[in-house]
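Peer 1: structure for this input, please:
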Amino acid sequence: IAALKDYRDALADLGPLLIGIVVFLAVTGVIMWWFERAPANAGHSDQAVTTWHEGVYWAVVTMTTVGYGDKAPKTTAGRVIAMIWMIASLVIVSLLTTTLVARITVNQVDGSSAARISDLAGKRVAAVTDSSGAEFLDEQRLGYQKFANLPEALDALAAGKLDAVVNSVGALRYLVNKRFADKIELPNGVLAPAYMAFALPLNSPLRRPLDRALAIVTASPDWQAVEDTYFAR
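Peer 2: Sure thing, here's the model as predicted:
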């Protein structure tokens with residue numbers, strides 16, 4: 001049901017684009033008929049575009065790259081229009097596809113994130129003072145209790161004094177698995193992505209070596225094993 005809703009919402013947002021495509025398609029079909037309706041095409045009446053609705057039909061078939069061949073331009077002007085329409089169709093279909101996929105992806109990401117954040121409303125939430133979790137809750141304007149460190153916050157959670165503790169996922173997984181594995185369960189997923197980086201002076205000679213080293217390490221088969229060692233549930 002959620003997937004169908006994402007498609008419906010995406011199609012609704014694409015309404016103006018779809019209307020523009022339909023109008024453009026109809027105009028192209030009529031223009032093709034205008035140039036192909038000449039008496040010289042009488043000998044090709046079965047394949048020639050002799051009515052405006054046949055022109056629209058030809059435009060649809062060409063845009064969808066079906067190409068039945070039952071209707072084809074016979075005049076030089078008609079063939080020029082056909083070439084232009086073929087190229088334009090590739091652009092239109094690509095634009096429509098990429099826009100639809102992008103919109104569905106945005107809906108899914110926004111929807112899942114909003115659902116998890118909304119779960120915190122009205123709950124007894126805590127975070128370590130000046131931590132990334134506290135910064136996130138401040139941005140979301142959610143009330144929370146402040147703790148001096150993460151172990152104290154997790155102790156309160158394990159004792160039932162809190163409903164949730166918000167912190168970086170790495171620190172939470174490590175500490176929960178080390179000290180609270182039998183009392184606290186970590187939910188799947190994250191509230192928001194977080195990124196870590198190296199701060200280097202401008203034009204530092206360490207930039208390229210660090211980039212290469214990080215690429216090699218994170219692409220190695222041992223990287224996942226190291227992550228599982230520290231952060232496995």
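Peer 1: which one is Leu95 nearest to, not counting chain neighbours?
Peer 2: Leaving out its chain neighbours, the residue that sits closest to Leu95 by C-beta to C-beta, 6 or more residues apart in numbering is Leu17, at 7.7 Å. To be clear about C-beta, it is placed using only N, CA and C from the backbone, and glycine gets the same treatment.
Peer 1: what does the average pLDDT come to for the helix or strand where that neighbour lies?
Peer 2: Using DSSP states H and E, Leu17 sits within helix 15-36. Averaging pLDDT along helix 15-36 gives 86.
Peer 1: and it, what's buried?
Peer 2: Applying a neighbour-count criterion of 16 or more other C-beta atoms under 10 Å, one finds Ile21, Phe24, Leu25, Ala26, Thr28, Gly29, Ile31, Met32, Trp33, Phe35, Glu36 buried in helix 15-36.
Peer 1: list of residues touching the very next helix or strand once past it?
Peer 2: As assigned by DSSP H and E, the chain's next helix or strand after helix 15-36 is helix 52-63. For helix 52-63, the surrounding residues in contact (C-beta atoms under 8 Å, 6 or more residues apart in numbering) are 25-26, 28-34, 36, 49, 67-68, 71-73, 82, 85-86, 89, 92-93.
Peer 1: I figured Ala72 hits Gln47, correct?
Peer 2: Yes: with contact defined as C-beta atoms under 8 Å, Ala72 reaches Gln47; the gap is 5.4 Å.
Peer 1: so which of these two has more stuff around it?
Peer 2: More neighbours surround Ala72 than the other of Ala72 and Gln47, with 18 against 14 (other C-beta atoms under 10 Å).
Peer 1: so for the more buried one, what's the pLDDT?
Peer 2: 80.
Peer 1: with Ile84 instead?
Peer 2: On the pLDDT scale, Ile84 is placed at 92.
Peer 1: shouldn't Ala127 be within a strand?
Peer 2: Yes: under DSSP: H, G, I helix; E, B strand; the rest coil, Ala127 sits within a strand.
Peer 1: and it, how close does it get to Pro193?
Peer 2: Ala127 is 17 Å from Pro193, where distance means C-beta to C-beta, to the nearest Å.
Peer 1: likewise for Ala48?
Peer 2: 58 Å.
Peer 1: how about Ile87?
Peer 2: 39 Å.
Peer 1: what do you get for Gln145?
Peer 2: 25 Å.
Peer 1: who's more crowded, the two?
Peer 2: Per other C-beta under 10 Å, whichever of Gln145 and Pro193 has more neighbours is Gln145, with 13 against 8.
Peer 1: specify the beta-bridge partners of the more buried one.
Peer 2: On the basis of DSSP bridges, Gln145 is bridged to Ala126.
Peer 1: and it, what does it touch?
Peer 2: By C-beta under 8 Å, 6+ apart, the residues touching Gln145 are Arg124, Val125, Ala126, Ala127, Ala156, Leu162.
Peer 1: so which of the residues you listed is the closest to Ala171?
Peer 2: Distances from Ala171 to the contacts of Gln145, taken as C-beta to C-beta, are shortest for Ala127 (11.6 Å).
Peer 1: in this structure that closest one contacts Gln140, no?
Peer 2: No: Ala127 is beyond contact range of Gln140, at 11.1 Å (criterion: C-beta under 8 Å).
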